[in-house]
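[1] A structural model of the following input is requested.
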Amino acid sequence: MSNSGIDKKAVVRGVEQRVDKAIEGLQGAVPAGVTSLPIRGAMVSIADLVLRGQSADKPYKDMRASRAVIAGLLQTRPKDKETALEFLTDLEAGLVAVLGVDSQVLVQFGFSPRKKRQKLSPEKNVLRAAKARLTRQKRHTLGSRQKEALGTTETPPVTIAPDGTVVATPATPAVTPGSPVPTKQS
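    Just a heads-up that it's a prediction; the model follows:
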């Protein structure tokens, strides 16, 4: 009986272990001269008993062999996935080169054709601009000119009052988000 495909480190337990032990006993521990045993009222030869034991043991061995195969496949799964994705990427690139990016024939190969961007209506454009403006105000996002105006401040004068409070007066007025941006005149 060969155990090809079965993990050698796996431990045989339970019913499988008992059947294996019975088969070993039938093959080597039966006293000389005993060629058959009474089983359920009939005399059955030792060779037939070994075959019955092997057939009873087969589902257990097959299950362990299947688990070993599955474990082996799971080890190669990431590489297999990478190979499959590479194939799909290359195929899509080839089909797009031949058929075009918006061809409906790509659907027959499982790829989505590129859809054209829908033009926004004037109402949606206004809504989009208003949302962007509110987001910039909420997050205190400044434009490049506003940032430039902030970066050119001088070091403010700092004075310490006799009571120990520190007073710093700003040298230039700060630009707040939403206020008009000073423009450079040429």
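[2] A168 versus the residue located most distally from the centre of the chain, what's the distance?
    Distance from the centre of the chain peaks at P162, with 65.2 Å (C-alpha atoms, centre = their mean). P162 sits 17 Å away from A168, going by C-beta to C-beta, to the nearest Å. For every residue, glycine as well, the C-beta is placed using N, CA and C.
[3] and the spatially most central residue of the chain, how far is that from I70?
    The centroid of the chain falls nearest to P78 when counting by C-alpha atoms, centre = their mean (10.2 Å). Distance, P78 to I70, using C-beta to C-beta: 15 Å.
[4] How far off centre is the lowest-mean-pLDDT helix or strand in the chain?
    One helix or strand of the chain scores below all others by mean pLDDT, DSSP states H and E: helix 144-151, with a mean of 78. Mean-position distance between helix 144-151 and its chain equals 43 Å (C-alpha atoms, centre = their mean, to the nearest Å).
[5] swap in stretch 104-116?
    Distance, centroid of stretch 104-116 to centroid of chain: 25 Å (C-alpha atoms, centre = their mean).
[6] Alpha carbons of it, as CSV, please.
    The C-alpha coordinates for stretch 104-116 follow below in CSV (Å, rounded to 0.1, in the frame of the first residue of the first chain):
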residue,chain,number,x,y,z
GLN,A,104,-18.5,46.9,-27.3
VAL,A,105,-16.8,43.6,-28.5
LEU,A,106,-14.6,43.9,-25.4
VAL,A,107,-17.6,42.8,-23.4
GLN,A,108,-17.5,39.3,-25.1
PHE,A,109,-14.0,38.9,-23.6
GLY,A,110,-15.1,40.0,-20.1
PHE,A,111,-13.6,43.5,-20.3
SER,A,112,-15.5,46.8,-19.9
PRO,A,113,-15.2,49.3,-22.7
ARG,A,114,-14.3,52.8,-21.7
LYS,A,115,-17.3,55.0,-21.2
LYS,A,116,-17.3,58.6,-22.3
